[in-house]
Each structure stands twice: as C-alpha cells, then as structure tokens.
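build the 3D model from these lines:
(chains A and B)
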Amino acid sequence: MRQRNFNNRGLIVKSKMADVLTVPQNAPEHCPGTGSEQAGKSSACQGCPNQTICASSKPLGPDPAVEEVKERMSSVKHKILVLSGKGGVGKSTFTAHLAHGLAADNNRQIAVLDVDICGPSIPKVMGLEGEQVHQSGSGWSPVILLPVCLYVFSVFIFADWAICFRVQYVEDNLGVMSVGFLLASPSDAVIWRGPKKNGLIKQFLRDVDWGEVDYLVVDTPPGTSDEHLSIVQYLSNTYEVSLLDVRKEINFCKKVKIPVIGVVENMSGFVCPKCKKESQIFPPTTGGAVKMAADMDVPFLGKVPLDPRIGRCCDEGKSFLSEVPESPATAAYQQIIRKIVNYCGEKSEDA
Amino acid sequence: MADGKSEQSLEKVLKNIKHIILVLSGKGGVGKSTVTTQIAWTLYNKGKKVGILDVDLCGPSIPRMMNVEGQDVHQCSAGWVPVYTDKDQRLAIMSIGFLLDSRDDAVVWRGPKKNAMIKQFLSDVCWGDLDYLIIDTPPGTSDEHITVVENLRNYNPDGAILVTTPQGVAVSDVRRELSFCQKTKIPILGVVENMSGFACPHCGECSNVFSKGGGEALAGSCRVPFLGSIPLDPSLAQSLEDGQAFTDLFPNSPTLDAVNKITSKLLEMKNGVTD
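Residues are numbered from 1 along each chain as shown, chains lettered A, B, ... in the order given. Reported below is the predicted structural model:
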C-alpha cells in the first residue's frame, strides 16, 4: 500500500530509476519512456506527476560532433577509461602510473585526458601544475612556450574566450590534456553545470590534435553522470579499468556497453615502515575486490598496496615507478599494466 | 508557476530547521560521509534532533554507514517521511539510496535530472522540527552543489565544513571548494583534516600515510578556522562498514575524542551565531 502511495507521488519507480530508456511501471498508458525525446512533452504526460522531472532532461538528438570526434579519434589505437564510483580511491594516481608505465616503452605514444572538470588532479600528479593556456576577452593572447610544452595545436572559441589548446608533454611520448591547464590558478573553482562540462569534453576530444596515439588513457571524476555519459557517447570502442567500489560502475558499463578490462584493488594493506608488518587500514569486509570481480564476472587485475611514497611522488608530480622501482607497489603496477597491454593487444587482433 | 509552489514548500520545510550545515570537499574519498555521520551521531548524543540529507545521487553511502540500507521512504500528507535510525525519531535520514532497488544500481543521470531530484529532496521531505540538518554532498563543484546552494541561499544556512586529507593533491582540490564557497557566498565553518596519521597496531609507530598537516596549513593560509584532525582508524572504517555507531562501540578511542572536539567547536560557533 505504502509502496503504491509512494509511486503515485510520482517518483520514477524504484527498479526503473536508473534505466533512463524504459517506461516506468506505473506510468500513464502512453508514456513515451523517460529517456525519449518526447519525455514530459507528449499528451500522455499531461497530469503525470513525473512530468517535470522528465521534461527537465534534455532531448537526445544525434550529436553532429560524434562523427567529428570519431574521425579525430581514428588515429588513436586503444582508448582506456579509468572509472570508479567512489572518490579518492586513486583513479588519478592509477591513470598517471598506467601512463608512465606504458610510456616506458619509447616506441609507444601515450596520451592522457583528464575529464574531471571540477577537480582536475592530473596536472599535479604528473608534475605539470602551473602550466597553463592563456586566454583573453577578445581574440587570443600570445602563448608563451614553456620548455615542457612542445606544440601549439588548435584554437577554439569557448564561453567568449579564445583559448589555445596545447597538449602538455611530460616526456616525448607522453602528452596530457586537462582543464587544469585552462585555469588561472590552482585554487580556481570550475562551477559548471552539466551541459557546459559536456561542451568542454567534446572540445577536448574533437579539437585537440592528439596525433598518432597508441594508448589514450582517460581519467574520470567519481560517479556515473554527465562526464561519463559524454565520454561514452563520443568514444566508441573503449575499454575500461575499474577501481574499488565499482559495482555501480560495472553496471554503468553494462548499460552503455563498454567492455571491462578488469578491476584493480588499490590501497590494499599498509606495510609499516618500522616493523614491516602489514595491516589492513581499509578492511575488506565483503570479500574485497576479488570476490566482487568474481560476482560481477569481470577479470581481477591485481592489488596495489598502500605505500606512503606513492602519495609523496604524486604530490611532487614524479613517477613512482621510476622513483621507487624496488617497492612491492611498483611490481604490482607493472604486472597490472602488462595485463592491460595484453588485453588491448588481443582486442586489436580480434578486430 | 510550479516554481512558486516549490518555493513555498521549501520555506515551509526549512523554517523548522534551526541550523543547516553543508559538508563539502573538492576531492572524493576524503571522508565527507564519514565526517557527516560522526558529527550527526555526536550531536545526537548531545540530545539534539538531527537530520542528514545525502545529495550524492550517483554514489550514496549514508544509508550503508547508518545501517538503514534497504529501508523505504514513506509518504504522508506533508511529503516524504525520512528514514529514522532510532525509536524516538531524533535522527532522520534522506538519501537516494532508499529509492533504489539494490545497492549495485547505478543512477546514470545528467545534471538537469539530478537538479530536479535535489529540489524535491529539499522541498518535499517533512523533517519536522530539527536542530541540525547536515547535508552530505558528492565531490566537486557542479550541478548538485549549485542547486543546493541556490535553493538554500535565502534561508541563511550556517555554512560549510570542508573535509580534506593531508596530502597535497587533496588539499589543492579543497582549495577549489573554498573558492566555490567564496563565490557563492556560503560561510565557511572550518576545515577538518581526516585520515591524518595511522598508528600501526603491531608496534604503535605512527605513520603519516597521507603525509600530515595539509588541512591545518590550508586553513591557515586561507584564514578559515581549523576544526581539527581525525586520525586514520581501522576500527572507524569497520564500524561504518557494519553501520554501527562508532560513538557507542569505542567510547574511549582517540578518534572519538577528535570528533567530539570538532562538534563542540561547531556548537560553540552556532551559539555565537544565534545569540
């Protein structure tokens, strides 16, 4: 009884909440579906208590940029998405080290794209903080070329500014793009709603000349929202690596049909630097990532132990892999990277 | 307009709430939800009526931490009845987690839909009389935050608590959140440093897993109050996983001491504001 009351109140029925393309159970007879272009607007929606929520979503039309992005991305061999439902589990740390690890082979060209618009950490973790793209109110201001940035790529107009997009280079074969480079200072907040964020992500994909790239590693913000939908909308044929607390993320991938390379458990165990004994800071109460991966039927890639030196390297923007090669965490990283490379290799043979 | 109506119900709901506190952080996983729940428990133990509103739509963790996962939200004439954790109904919770079928369900929504949901959370939940409403937010400075702040602006929220961990990457994200508060004119109650220092259970040696002092330094350089630091404590994490009140399980732990101190500071501040 009370369940029905609740539904009458008009919230999308529980089980269908996340499923944006289906018709809710208690919807009016001719409900066009909550994800359809007509949602909230068709005559059947009149009087439906859910009408405002439905009408407030933007209609889904084919975006012309999808084709343009596809063309731009045709020179990128493998696209890897790093996702996690929870924040602070080490997405950026992992992204940076995956990129460093892949770039250790000089024959590979690696690109990192940071789509965490509101909290870009990649510039700091990769030692590029303070690098920026210059902007002015009208026309474009001269760009000062710093030693680390080798190329000026394309120009685009965004929100009344003219901005020159440059890919920042950490090493010759490792390029990075992040909204962090567009901010005047590291403390600037990007207070943007979804559509604006999508616009920027689209431009990152369409207007940055990435060149010939073997691996494009995309770092994402926590959650399953605008940024994730945008990146998935524009990038087809992407694989994803998930970090801890990812059940939601795996369901997201199933929904939008991205293959999952596997799950990485980060911050697994802490080795006391004094007595060398290991203790679990974040105790895995539900069997941890191994069990979760088995439950969800996705591969488990490995565990990275918590090493205080990883955090320090990230704060200083150095590669942990080359700074502390003897750490067990480095070995764990190398092993995971090898598995990812193998996965991508097999995939391209299939195709 | 429908807006006028929701404005009205918003006023009706919020006028019975004495204090509204936002818990913010630019970075994820620094312990916003942990700090929210611990402050709520402590206020509850001091005899206050407390409400927690979880506006993290894509990753709600409050229901699990408060051990009310799987409960249903009821409907009454005045709106949605929040979920109560106790018999005398002094600790109320509202989260999207209660509206989902299973813990693994993903809410794949873009901004406008999230905004509509949050507006409904703010104006349609009948909290009754509350001493404190604590709002737990997702990481970042985007839709959820703008919507919450826009809707609360006219109702004098007390301010925001910024949560950070000590390492540089987290601190620089929180600095962005600080600019967000300044731009949107939300007062900053102070900075809490979470996960500072880990005492090895084998030898007692205290390691600074995520370095130390970042939160305090940030508070100092931005001239906002520093509320205190909470050490990294596996038993705290364990109690949250099980959804039990840490305050009841380990009444003598130094972690609890730290939380108590932070809450006392908040209470003092409140008195200062209201008197």
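
dihedrals phi and psi, A:K79?
Per-residue torsions, A:K79: phi -110, psi 120 (degrees, to the nearest 10).

my bad, should have said B:Q71
As for B:Q71, its main-chain torsions (degrees, to the nearest 10) stand at phi -80, psi 160.

might you report the residue contacts of it?
B:63, B:83, B:98 (CB atoms under 8 Å, 6 or more residues apart in numbering or on different chains). C-beta here means a position set from N, CA and C on the backbone, and glycine is covered the same way.

how about 7 Å then?
Contacts for B:Q71 (CB atoms under 7 Å, 6 or more residues apart in numbering or on different chains) come out as B:83, B:98.

and the pLDDT for it?
The score at B:Q71 is 86. That number is its pLDDT.

which strands and helices sit next to the helix or strand harbouring A:Y169?
Element membership for A:Y169, per DSSP states H and E: strand A:168-171. Strand A:168-171 makes packing contacts with strand A:174-178 when contacts are defined by 3 or more CB pairs under 7 Å, 6 or more residues apart in numbering or on different chains; DSSP states H and E.

does anything pack onto the strand it packs on? Which helices or strands?
Judged by 3+ CB pairs under 7 Å, 6+ apart, the packing partners of strand A:174-178 are strand A:110-114, helix A:122-125, strand A:168-171.

turn those into a markdown table, columns for mean neighbour count and mean pLDDT.
Output for those, formatted as a markdown table (neighbours: other CB atoms under 10 Å in any protein chain shown; pLDDT from 0 to 100):
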| stretch | mean neighbour count | mean pLDDT |
| --- | --- | --- |
| strand A:110-114 | 26 | 89 |
| helix A:122-125 | 27 | 86 |
| strand A:168-171 | 19 | 71 |
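
got the ones you listed as a markdown table, with distance to B:G51 columns?
Listed next are these as a markdown table, based on distance: least, CB to CB, whole Å:
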| stretch | distance to B:G51 |
| --- | --- |
| strand A:110-114 | 36 |
| helix A:122-125 | 36 |
| strand A:168-171 | 45 |
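
which strands border the strand holding A:Y169, and is each parallel or antiparallel?
If you go by DSSP bridges, strand A:168-171 pairs up with strand A:174-178 (antiparallel).

now the angle between strand A:110-114 and the strand it pairs with, please.
Per axes from the mean of the first three to the mean of the last three CA atoms, to 10 degrees, the angle that strand A:174-178 makes with strand A:110-114 is 10 degrees.

does chain B have contacts with the helix or strand that strand A:174-178 is followed by?
Per DSSP H and E, the first helix or strand lying C-terminal to strand A:174-178 is helix A:194-207. Yes. Using CB under 7 Å from any CB of the partner chain, helix A:194-207 reaches chain B at A:194-195, A:197.

nearest to A:D188, of these?
Comparing the residues of helix A:194-207 next to chain B against A:D188 with CB to CB places A:K197 closest, at 15.1 Å.

and the closest one, how many neighbours?
26 (other CB atoms under 10 Å in any protein chain shown).

that one touches A:S225, doesn't it?
No. Using CB atoms under 7 Å, A:K197 is not in contact with A:S225, being 9.3 Å away.

now A:G90: how far from A:R193?
From A:G90 across to A:R193, the span is 27 Å (CB to CB, to the nearest Å).

neighbour count: those two, which is higher?
Using other CB under 10 Å, the more surrounded residue of A:G90 and A:R193 is A:G90, with 23 against 19.

surely that one meets A:V264?
No. A:G90 is beyond contact range of A:V264, at 8.5 Å (criterion: CB under 7 Å).

what's around B:D101, how many residues?
Using other CB under 10 Å, B:D101 is surrounded by 13 other residues.

swap that for B:C126, please
Neighbour count for B:C126, taken as other CB under 10 Å: 17.

name whatever forms a beta bridge with B:V83.
B:V83 forms beta bridges with B:I93, as assigned by DSSP bridges.

need the pLDDT of it.
Per-residue pLDDT puts B:V83 at 93.

quick one: residues contacting it.
Counting by CB under 7 Å, 6+ apart, B:V83 makes contact with B:68, B:71, B:73, B:92-93, B:98.

ok, it to A:K196 distance?
B:V83 is 35 Å from A:K196, by CB to CB.

again, but for B:K18
Distance of B:K18 to A:K196, computed by CB to CB: 36 Å.

please apply the same query to A:M267.
Between A:M267 and A:K196 the computed distance is 33 Å (CB to CB).

so those two - more neighbours on which side?
Using other CB under 10 Å as the criterion, A:M267 and A:K196 rank with A:M267 on top: 22 against 17.
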